[in-house]
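Peer 1: what follows is a predicted protein model with its sequence.
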Amino acid sequence: MSHHRLSPSVHEQTNALADALSALRTELELPGDFPEDVLKEAEAAVADRQFPDLDLTGVEFLTIDPPSSTDLDQALFIERRGEGYRILYAIADVPSFVRPGGALDAETRRRGQTFYAPDGRIPLHPEVISENAGSLLAGQLCSAFVWDFELDAAAEVVSAVVRRATVRSRAKLNYRGVQADLDAGTAPPMLQLLREVGRKRVDLERARGGASLNMPEQEIVQLPDGGYRIVAVPQLPVEDWNAQISLMTGMAAASLMLNGKVGILRTMPAPDERSLSHFKRQTAALGKPWDGQESYGEYLRTLDPTDHRQLAILHSAGMLFRGAAYTHFDGTVPEVAVQSAIGTAYAHTTAPLRRLVDRFVLVICEALSNNQPVPAWAREALPSLPEIMAYSDQLAARMERLALDTVEAALLINHIGQEFDAVVISGSKPAKNGNGNGNGAGNGNGNNGKGLNGKGTNGSGPSGVVQIAEPAVTARCAGEMEPGTRVRVRLISSDIATREVHLELVG
């Protein structure tokens with residue numbers, strides 16, 4: 001009698017996937033529900049809140065976020081001012097809800113940031129703050145830290161101050177809708193100014209040697225039937241323009257703190273010569289050589305992620321974006337103060353609802369900007385923040401990677417034995433001693449976290465990371481392969497519970 005393995009039903013798959021994603025919370029020891037004392041403290045803070053005396057409710061702020069977002073950290077206003085511009089950038093006043101030394105303060109330090117799990121968000125703050133009173137929702141009276149920028153005709157910052165004020169956002173917009181209006185020529189004047197300023201800020205980024213990896217983001221989308229799908233979402237131009245305003249604010253925050261000799265920066269060293277040399281070799285092998293004459297940031301902006309060889313270059317470029325950290329200081333300026341991908345000193349300050357460190361940066365900057373003493377509780381917290389944020393960042397990255405691995409395994413489970421067209425985004429060859437550790441320098445950096453011994457191989461031979469177009473899956477594949485080439489792969493096995501996918505080269 002012959003036997004064959006029956007593929008699991010859609011219902012069985014959905015249940016297995018839901019169970020596996022839910023198990024991640026336990027496996028990674030992610031935060032659970034807020035303790036009762038934290039919830040009570042948050043509710044009391046909302047009930048007792050007082051609004052700042054400075055009234056900016058007449059300013060027509062608006063927010064631009066993904067459609068489903070309700071934890072809105074930033075609201076924007078832009079107007080033309082002579083040959084230049086004036087920008088008001090309102091940031092949620094999270095410090096007004098968190099009592100230093102209280103239960104909520106301790107809980108946010110334990111969490112570090114909001115975790116975006118596929119089966120639900122794990123917020124940094126209770127929802128009464130993060131999605132209600134503290135969120136810059138349209139029509140709602142809010143307290144905010146308002147950055148007031150004067151820009152010249154080239155969109156270079158001439159002056160920047162930050163003050164607490166009462167604001168009311170007028171509209172909650174989303175990126176796709178704004179981009180469509182801009183493309184159709186129907187966008188209101190403020191959004192046209194965002195495009196104008198955003199493009200000029202991109203030019204300034206290029207001039208200072210800044211860089212960004214414009215990779216399509218892999219998003220896990222929940223379907224109406226309860227299943228999941230991975231969607232590669234290319235970045236819209238308006239997302240870049242909007243991000244430039246946030247970057248500008250982070251740069252202004254860093255400048256304030258460096259001048260005041262107290263604060264915490266987001267730093268990243270410049271790529272070392274070995275990494276740069278390897279990257280140059282990769283670009284030459286993939287047919288779009290970078291000679292180092294132009295900045296690598298300028299070069300990366302020329303790459304097209306829809307071209308399979310250039311997509312492999314973008315993945316290889318991940319090795320240039322390593323070593324990001326938080327650097328605190330009090331009394332002296334740190335020796336290393338630059339975030340090399342941005343090309344200048346930079347601080348996280350525009351997402352306090354979702355990231356712990358921003359709450360402290362806002363308070364420090366507001367004090368320095370108004371010639372007031374920095375609160376002792378903020379100074380005292382500085383030495384502990386780098387470790388808190390590093391652990392939180394590592395945990396968030398691990399959760400994202402394992403969640404993607406789980407969903408990828410689920411998407412492939414009914415395709416055992418089938419063949420797929422794929423693109424090699426990194427490859428390795430067997431080492432001379434036969435231990436299968438590959439070439440070292442070009443792996444485990446920008447391959448979505450899949451190291452040489454990661455998902456899909458047992459580490460005993462040559463392998464690489466391939467990207468399958470449909471379903472959208474990135475996985476390690478056994479075999480010797482060259483980055484940027486098209487290959488045919490066969491699915492040997494897929495297991496949701498272990499998150500393991502085994503592929504092999506065909507031919």
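Peer 2: Alright, I've got the coordinates.

Peer 1: so which residues of the stretch 201-350 of the chain form strands?
Peer 2: Along the stretch 201-350 of the chain, the segments classed as strands by DSSP state E, counting those that start in this stretch run 217-222, 228-233, 262-267, 325-330.

Peer 1: quick check, pLDDT for P289.
Peer 2: Note on P289: pLDDT of 88.

Peer 1: quick check: nearest residue in space to it, chain neighbours excluded?
Peer 2: Excluding the flanking residues, the one nearest P289 by CB to CB, 6 or more residues apart in numbering is T283, at 5.0 Å. From N, CA and C alone the C-beta is placed, and that goes for glycine too.

Peer 1: now swap in I416 and tell me
Peer 2: Nearest-residue entry for I416: L491, 5.7 Å, with adjacent residues in sequence omitted and distances by CB to CB, 6+ apart.

Peer 1: residue contacts, that neighbour?
Peer 2: L412, H415, I416, G417, Q418, E419, F420, V501, H502, L503 (CB atoms under 8 Å, 6 or more residues apart in numbering).

Peer 1: export the residues you listed to a markdown table and tack on pLDDT and neighbour count?
Peer 2: Formatted as a markdown table, the contacts of L491 follow (pLDDT from 0 to 100; neighbours: other CB atoms under 10 Å):
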| residue | pLDDT | neighbour count |
| --- | --- | --- |
| L412 | 86 | 23 |
| H415 | 87 | 16 |
| I416 | 90 | 14 |
| G417 | 93 | 9 |
| Q418 | 93 | 10 |
| E419 | 93 | 12 |
| F420 | 91 | 19 |
| V501 | 90 | 24 |
| H502 | 91 | 20 |
| L503 | 92 | 30 |
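
Peer 1: tabulate the residues you listed in a markdown table, adding columns for distance to V363 and secondary structure.
Peer 2: Listed next are the contacts of L491 as a markdown table, based on distance: CB to CB, whole Å; DSSP: H, G, I helix; E, B strand; the rest coil:
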| residue | distance to V363 | secondary structure |
| --- | --- | --- |
| L412 | 48 | helix |
| H415 | 53 | coil |
| I416 | 55 | coil |
| G417 | 59 | coil |
| Q418 | 56 | coil |
| E419 | 57 | strand |
| F420 | 52 | strand |
| V501 | 46 | strand |
| H502 | 51 | strand |
| L503 | 50 | strand |
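
Peer 1: okay, now the unreliable bits of the chain?
Peer 2: 1-14, 214-232, 308, 428-460 (pLDDT under 70).

Peer 1: any idea how it splits into domains?
Peer 2: 1-30+394-507, 31-269+323-374, 273-318 (automatic domain parsing).

Peer 1: mind checking which of those domains is nearest I388?
Peer 2: domain 31-269+323-374 (5.2 Å; CB to CB).

Peer 1: which residues in the stretch 1-150 of the chain form helices?
Peer 2: 10-27, 36-47, 103-111, 127-128 (DSSP state H, counting those that start in this stretch).

Peer 1: closest one to G120 among those helices?
Peer 2: Nearest to G120, of the helices of the stretch 1-150 of the chain and by CB to CB, is helix 10-27 at 9.2 Å.

Peer 1: quick one: list the elements packing against the closest one.
Peer 2: In this structure, helix 10-27 packs against strand 115-117, helix 385-412, with contacts taken as 3 or more CB pairs under 8 Å, 6 or more residues apart in numbering; DSSP states H and E.

Peer 1: the same query, at a cut-off of 6 Å, please.
Peer 2: Where contact means 3 or more CB pairs under 6 Å, 6 or more residues apart in numbering; DSSP states H and E, helix 10-27 is packed against helix 385-412.

Peer 1: what residues sit buried inside the helix it packs on?
Peer 2: Buried residues in helix 385-412, defined by neighbour count with 16 or more other CB atoms under 10 Å: 385-386, 388-389, 392-393, 395-396, 399-412.

Peer 1: roughly how far out does stretch 252-262 sit from the chain middle?
Peer 2: Counting by CA atoms, centre = their mean, to the nearest Å, stretch 252-262 is centred 24 Å from the centre of its parent chain.

Peer 1: list the buried residues in it.
Peer 2: Residues of stretch 252-262 classed as buried by neighbour count (16+ other CB under 10 Å): A252, A253, A254, S255, L256, M257, L258, G260, V262.

Peer 1: so who does the residue nearest to the fourth one when sequence neighbours are not counted touch?
Peer 2: If I follow you right, that is S255. Nearest residue to S255, sequence neighbours excluded (CB to CB, 6+ apart): A345, at 6.7 Å. Residues in contact with A345 (CB atoms under 6 Å, 6 or more residues apart in numbering) are A254, A337, V338.

Peer 1: now, which of these sits nearest A378?
Peer 2: A378 has its nearest neighbour among the contacts of A345 in A254, at 15.9 Å by CB to CB.

Peer 1: P126 touches E41, doesn't it?
Peer 2: No - using CB atoms under 6 Å as the test, P126 is too far from E41 to be in contact (8.8 Å).

Peer 1: and the nearest residue to S96 once chain neighbours are set aside, bridged to which residues?
Peer 2: Among residues not flanking S96 along the chain, S143 sits closest, at 5.3 Å (CB to CB, 6+ apart). Residues in a beta bridge with S143, per DSSP bridges, are T166.

Peer 1: does S143 touch P95 like I think?
Peer 2: No - judged on CB under 6 Å, S143 makes no contact with P95 at a distance of 9.4 Å.

Peer 1: show me which of the two is the more surrounded one.
Peer 2: Higher neighbour count among S143 and P95: S143, with 24 against 21, using other CB atoms under 10 Å.

Peer 1: list the pairing partners of the helix or strand containing R476 within its sheet, with orientation.
Peer 2: Taking DSSP states H and E as the criterion, the element that holds R476 is strand 473-478. Strand pairing for strand 473-478, using DSSP bridges, gives strand 463-468 (antiparallel), strand 500-505 (parallel).

Peer 1: next, the angle helix 385-412 makes with the last one.
Peer 2: For strand 500-505 against helix 385-412, the angle by axes from the mean of the first three to the mean of the last three CA atoms, to 10 degrees is 60 degrees.

Peer 1: ok now strand 500-505, how far from the chain's centre?
Peer 2: On the basis of CA atoms, centre = their mean, strand 500-505 is displaced by 29 Å from the centre of the chain it belongs to.
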